[in-house]
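Enquirer: Structure, please.
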Amino acid sequence: MLKKHLLTIVVVLISALMLLCIGFVYYNNEVMKKNRLLQEEAELIKLNTDLIPAWVVNDLDLGIWAYYITEDTSVLHLYYSGISLKSEIFDTLEVKLKEQNADLNPLYHLKASVEEYIDFSTSQKILIEQGNKEEFKKRFLEKRGIKVMKEITQFRNKTFELCENLKSKAQKEYENALQRTYFALIALFVVSMPTLAFTVFYTKKAFSFSEKLRQAERERRKMIEQQKEILELTVQQRTKEIAAQNEELIQQGEQIEIQRDLLYKQNQQLKEAQKEIQAKNEEIASQNQILEEEVVERTQELSKAYEELTEYNRQLEQYSFITAHNLRSPVARVLGLCNLLEMENVTFEEKLNIIKQIAANTQLLDEIVKDINHVFEIKRKSQLMLQVVGLEEIINKIRLLLEKEMEESQTEIITDFQQIEYLHTFVPYAESIFYNLIDNAIKFRHPLRKPLVQIGSEKVNQFTKISIQDNGVGIDLEQYKGKIFQLYKRFHLQVAGKGMGLFLVKTQIERLGGRIEVESVPEQGTKFEVYFPEKNL
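Expert: This is a model prediction of the structure:
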């Protein structure tokens, strides 16, 4: 009974030993893989450690020095490359060292030092950009890079020592696994040799039995050959039928290919036609867009022109009404005086007095007509010839024109044109504006003090602001603010005048593209601020 199961026991034992060997081999392979991975991890740690001085610090120094020498910002790619590689290298080292349960404090300390050196390099770059090369050289002599390189070297030595320990540990585990495999193979050999001898004995007996099986196999093959010949004839016949069907399919395929080529050409023609149509549509759309923009622009121009024309007509209507009203008064007086001349009981002296009054009213009519012509001339001018004129030059000319009035009133004019000395404007309008405002300051002076006119200039946005301030009787703005610049408006009847000056000033400055503003306190004085545009009209 034992002899009968001996072979089975031996086979089971050999199988167990073989499985054990396979297990050891598998374990060795795993150890080898682990060893290889550890070596790769160690090499990767060493590589990334070497990259810190090679790619980060060196790139920073090369980039900054190249920028210092050439002042060309394109060479800063090395500087930016060093900064971008820093995070990647330190993150990789942190992950790999953490996997090996290594102390990360030296890594963090080195990372902080490198980041501090990056900040130092950035400040050096800023000094170059500011042109402060002396400070750059002074800070460079501090040799902060050497300190960082020393820390990198210390970290590199510790890291390399860790890598060598990892390699030694992996190699030791590999040798232990290999030794266990040797023991298993020796045991397998000891058990297998008797089994092989026993197997040889039984193999001889199996050969004789095998010969009988071969004889039976030959007979079986002969029968199979006969069946094969019959099958081949059947296959040949079937192959001919399939070939005929394939030929028919090929012809059909060729016809389909021809139809497909024709369809492809038609599709290409359709695509080209679609492209042409699309191009035409885009061209039409572009033209429509241009036309729409032109229509909008033209509409805006017409609308603006209509508004300007409406405002102009309104002003003309108002001006005509005011002019007719002002003309009516002297005309009525002249007619009344003429009626007096026709009376019989009028003495010669009275007639002379009436004639003088008629002449005075006629002179007033002439001045009103001249004012009308002056206003229409301002409205009618479309192009103004601009010139550069000095402000002091204008004031000196006004002093000459008003010399008599200034002497009689003891008027003092103080100017301050330090900020803006010149105007680029239409000189006749500028002179008229200054003349009317200074003339008003003299006319409407305060009876208890000498007239003082202060004139200054300054830049306000896109305008030159001229301030003309007096110490006269002032204007009650609460009562007259909306009427100050209207035609023939007078606010101090004790002084001779027609109320034309401020209207002309406003009309002329608006024609120049500017504006006028007023501040006034009764019994204290008035301040006019005239804004001349700096841009050409």
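
Enquirer: contacts, neighbours, all on C-alpha from now
Expert: Fine.

Enquirer: Poorly predicted segments of the stretch 51-200 of the chain, please.
Expert: Along the stretch 51-200 of the chain, the model assigns pLDDT under 70 to residues 51-56, 184, 191, 198, 200.

Enquirer: other SSEs contacting the host helix or strand of residue 270?
Expert: Following DSSP states H and E, the helix or strand that holds residue 270 is helix 144-341. Contacts defined by 3 or more CA pairs under 8 Å, 6 or more residues apart in numbering; DSSP states H and E place helix 144-341 against helix 2-51, helix 105-129, helix 348-380.

Enquirer: what angle sits between the following helix or strand past the first one and helix 144-341?
Expert: In other words, helix 2-51. As assigned by DSSP H and E, the chain's next helix or strand after helix 2-51 is helix 58-70. In terms of direction (axes from the mean of the first three to the mean of the last three CA atoms, to 10 degrees), helix 58-70 departs from helix 144-341 by 50 degrees.

Enquirer: ok, residues contacting helix 58-70?
Expert: The contact list for helix 58-70 (CA atoms under 8 Å, 6 or more residues apart in numbering) reads 73, 75-83, 118, 121, 124-125, 128.

Enquirer: What residues of that helix count as buried?
Expert: 58-68 (16 or more other CA atoms under 10 Å).

Enquirer: before we move on, back to that, in PyMOL, how would I select the buried members of the contacts of helix 58-70?
Expert: Selection of buried members from the contacts of helix 58-70 for PyMOL, criterion 16+ other CA under 10 Å:
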select buried, resi 75+76+77+78+79+82+83+118+121+124+125+128
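
Enquirer: Quickly list the domain ranges of the chain.
Expert: 2-202, 383-537 (automatic domain parsing).

Enquirer: Tell me which of those domains lies nearest to residue 231.
Expert: domain 2-202 (41.0 Å; CA to CA).

Enquirer: for the closest one, the distance to its chain's centre please.
Expert: Domain 2-202 sits 44 Å away from the centroid of its parent chain (CA atoms, centre = their mean, to the nearest Å).

Enquirer: What residues does the residue nearest to residue 17 when sequence neighbours are not counted make contact with?
Expert: The shortest distance from residue 17 to any non-neighbouring residue, by CA to CA, 6 or more residues apart in numbering, is to residue 188 (5.7 Å). By CA under 8 Å, 6+ apart, residue 188 lies in contact with 14, 17-18.

Enquirer: same question, residue 135
Expert: The contact partners of residue 135, by CA under 8 Å, 6+ apart, come to residue 127.

Enquirer: what about it, distance to residue 126?
Expert: Residue 135 sits 11 Å away from residue 126, going by CA to CA, to the nearest Å.

Enquirer: which residues do these two both contact?
Expert: The contact sets of residue 135 and residue 126 do not overlap (CA under 8 Å, 6+ apart).

Enquirer: how far away is residue 510 from residue 16?
Expert: In terms of CA to CA, residue 510 sits 114 Å off from residue 16.

Enquirer: still on that earlier bit, going by distance to residue 444, which of the contacts of residue 188 wins?
Expert: Closest to residue 444, out of all of the contacts of residue 188 and judged by CA to CA, is residue 18, at 129.1 Å.

Enquirer: and that closest one, how many neighbours?
Expert: 16 (other CA atoms under 10 Å).

Enquirer: now swap in residue 256 and tell me
Expert: 12.

Enquirer: Can I get the buried residues of helix 58-70 in JSON lines including distance to residue 252?
Expert: As requested, those are exported to JSON lines (distance: CA to CA, whole Å):
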{"residue": "58", "distance to residue 252": "71"}
{"residue": "59", "distance to residue 252": "69"}
{"residue": "60", "distance to residue 252": "71"}
{"residue": "61", "distance to residue 252": "74"}
{"residue": "62", "distance to residue 252": "72"}
{"residue": "63", "distance to residue 252": "70"}
{"residue": "64", "distance to residue 252": "74"}
{"residue": "65", "distance to residue 252": "75"}
{"residue": "66", "distance to residue 252": "72"}
{"residue": "67", "distance to residue 252": "73"}
{"residue": "68", "distance to residue 252": "77"}
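
Enquirer: Just the angle for the helix holding residue 270 relative to helix 105-129, thanks.
Expert: Going by the same axes, to 10 degrees, helix 144-341 makes 40 degrees with helix 105-129.

Enquirer: For residue 458, which three-state class applies?
Expert: With DSSP: H, G, I helix; E, B strand; the rest coil as the basis, residue 458 sits in strand.

Enquirer: Next up, the contacts around it.
Expert: 417, 419-420, 464-466.

Enquirer: Narrow those to just the buried residues.
Expert: 420, 464-466.

Enquirer: Spell out for me which residue occupies the centre of this structure.
Expert: residue 73 (20.0 Å; CA atoms, centre = their mean).

Enquirer: Skipping its backbone neighbours, what lies nearest that one in space?
Expert: residue 67 (6.4 Å).

Enquirer: Return the distance of stretch 197-215 from the chain's centre.
Expert: Distance, stretch centre to chain centre, for stretch 197-215: 92 Å (CA atoms, centre = their mean).

Enquirer: ugh, wrong one, stretch 403-421
Expert: The chain centre lies 52 Å from the centre of stretch 403-421; the measure is CA atoms, centre = their mean.

Enquirer: re the thing from before, will you turn the buried ones among the contacts of residue 458 into CSV that also has pLDDT, secondary structure and distance to residue 237?
Expert: What follows is those, written out as CSV (pLDDT from 0 to 100; DSSP: H, G, I helix; E, B strand; the rest coil; distance: CA to CA, whole Å):
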residue, pLDDT, secondary structure, distance to residue 237
420, 95, coil, 114
464, 96, strand, 111
465, 97, strand, 113
466, 96, strand, 117
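
Enquirer: now those as CSV including distance to residue 341?
Expert: Putting the buried ones among the contacts of residue 458 into CSV (distance: CA to CA, whole Å) gives the following:
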residue, distance to residue 341
420, 60
464, 57
465, 55
466, 52
